[in-house]
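# the following block contains a protein sequence and its predicted model.
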Amino acid sequence: MAFGGAQASYINPVVPFTGTIQGGLQDGHKITIIGTVLPSGGNRFAVNLQTGYNDHDIAFHFNPRFEEGGYVVCNTKQRGSWGPEERKMQMPFQRGGSFELCFQVQSSEFRVIVNRNLFTQYAHRVPFHRVDAICITGIVQLSSISFQPPGMWPANSAPINPVIPPVVYPSSVYQLPFFTSILGGLYPSKSILVSGTILPNAQRFYINLRSGSDIAFHLNPRFNENAVVRNTQINGSWGSEERSLPRGMPFFRGQSFSVWIVCEGHCFKVAVDGQHLFEYHHRLKNLPAINNLEVGGDIQLTHVQT
């Protein structure tokens, strides 16, 4: 499980924003941006995948423009000079509307997916491995920027179900406890992402994967006990707690966090801020019946992906 190569999400970054892409881009890398287009204040926004913190070398400039009916400009800048523009005369974004924008790195091109629909493909003009920063400017408010590096999931996992796309809830404000269904239930290679900010005076919070009234997986960081408790509840009765960790408490009061839960055939694999933390062997074996997610406690929830 190559969680060690993952990078923590940027949560609620302020625009204009420039941040590091740790280790640079690789074939198979995926970057997901959750945000909202502002209703006023300008006509454009841009995402630049670039070298360094200046805009001298931009491998991929993705630039929606709410002008002349709306279109998107794609381009590359080398040594301060722009190349020829590629224009897509469609506008997949709406002023005042939320969006999920995903960049997938492939050997020959960038694939751009907007709200889970393929929008465009842009052939590489410069080697993508030079990209080590992302810059976002213009009329957007951002909830999160998350990174899925190559090899995040094991090679022997079942392929991700192509019929059921991930569901993203792009909202900067969630009512807690947050409760939602997991379409199709769980299966090997299914992943769930929960990001948020822990309240300064937090005592505990929880993430539950539920099967009806049962809780198949209960993840419960407790700051008053300095522990991350894992358990299963069946027919109203809790099983034995698991508390051991390979390192110290990964959650901190007042700080943001991202939790990846990956369902495998025999266990859940859990990573916090891109670092693999533990495995939890299934006690409820009927994975498709585990079809609800519940999040609550002393946090502000900023991003959920099921």
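Thanks, I have the structure now.
# tell me the pLDDT at residue 151?
Listed pLDDT for residue 151 reads 59.
# typo on my end, residue 9
Taking residue 9 on its own, its pLDDT is 84.
# now do residue 116
Reported pLDDT for residue 116: 81.
# how about residue 283?
97.
# just give me the neighbour total for it.
Other residues lying near residue 283 total 15 when counted by other CB atoms under 10 Å. In this view, the C-beta of every residue, glycine as well, is placed from N, C-alpha and C.
# distance of it from residue 265?
14 Å (CB to CB, to the nearest Å).
# please apply the same query to residue 38.
44 Å.
# got it, and residue 217?
15 Å.
# what about stretch 124-133, how long is it end to end?
Terminal residues of stretch 124-133 are spaced 16 Å apart (CA to CA, to the nearest Å).
# list the contacts of it.
Applying CB atoms under 8 Å, 6 or more residues apart in numbering, the contact partners of stretch 124-133 are 18-21, 23-27, 49-53, 57, 59-60, 76, 78, 83, 105, 108-110.
# re earlier: more neighbours: which of residue 217 and residue 265?
residue 217 (25 against 13).
# which residue is the nearest non-sequential neighbour of that one?
With CB to CB, 6 or more residues apart in numbering as the criterion, residue 217 has its nearest non-adjacent residue at 4.2 Å, and that residue is residue 209.
# okay but the one you found is in contact with residue 231, surely?
No - the criterion here is CB atoms under 8 Å, and residue 209 misses it with residue 231 at 11.7 Å.
# what about the residue nearest to residue 217, distance to residue 291?
Residue 209 sits 9 Å away from residue 291 when distances are taken as CB to CB.
# between these two, which has more neighbouring residues?
Using other CB under 10 Å as the criterion, residue 209 and residue 291 rank with residue 209 on top: 26 against 18.
# quick one, what contacts that one?
Shown in contact with residue 209 (CB under 8 Å, 6+ apart): 182, 186, 192, 215, 216, 217, 261, 268, 290, 292, 293.
# got CSV for the residues you listed, with secondary structure, pLDDT and distance to residue 200 too?
Below are those laid out as CSV (DSSP: H, G, I helix; E, B strand; the rest coil; pLDDT from 0 to 100; distance: CB to CB, whole Å):
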residue, secondary structure, pLDDT, distance to residue 200
182, coil, 91, 31
186, coil, 94, 34
192, strand, 90, 26
215, strand, 98, 28
216, strand, 98, 31
217, strand, 98, 27
261, strand, 93, 25
268, strand, 96, 29
290, coil, 97, 33
292, strand, 95, 30
293, strand, 96, 25
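# ok, so of those residues, who is nearest residue 146?
residue 192 (12.7 Å; CB to CB).
# right, and that closest one touches residue 305 too?
Yes - if you go by CB under 8 Å, residue 192 and residue 305 touch, sitting 6.8 Å apart.
# thinking again about what came up before, shared neighbours of residue 209 and residue 291, anything?
182, 186.
# where does this protein have low pLDDT?
1-6, 151-173 (pLDDT under 70).
# how is it partitioned into domains?
As assigned by automatic domain parsing, the chain contains the domains 3-148, 178-305.
# hang on, the earlier thing: strands - which of the contacts of stretch 124-133 land there?
When DSSP state E is applied, the contacts of stretch 124-133 are split such that 18, 19, 20, 49, 50, 59, 60, 76, 78, 105, 109, 110 fall in strands.
# how about those in a markdown table, adding neighbour count and distance to residue 42?
A markdown table is the format used below for the ones in strands among the contacts of stretch 124-133 (neighbours: other CB atoms under 10 Å; distance: CB to CB, whole Å):
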| residue | neighbour count | distance to residue 42 |
| --- | --- | --- |
| 18 | 16 | 18 |
| 19 | 15 | 21 |
| 20 | 13 | 26 |
| 49 | 24 | 21 |
| 50 | 24 | 21 |
| 59 | 23 | 24 |
| 60 | 25 | 21 |
| 76 | 22 | 23 |
| 78 | 14 | 26 |
| 105 | 23 | 28 |
| 109 | 15 | 29 |
| 110 | 23 | 24 |
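# can you put those residues in a markdown table and add distance to residue 299?
As requested, these are exported to a markdown table (distance: CB to CB, whole Å):
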| residue | distance to residue 299 |
| --- | --- |
| 18 | 27 |
| 19 | 22 |
| 20 | 25 |
| 49 | 31 |
| 50 | 33 |
| 59 | 36 |
| 60 | 34 |
| 76 | 40 |
| 78 | 43 |
| 105 | 31 |
| 109 | 38 |
| 110 | 34 |
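# does the nearest residue to residue 216 once chain neighbours are set aside count as helix, strand or coil?
Once flanking residues are discounted, residue 216 sits nearest to residue 284: 4.2 Å by CB to CB, 6+ apart. Of the three states, residue 284 takes coil under DSSP: H, G, I helix; E, B strand; the rest coil.
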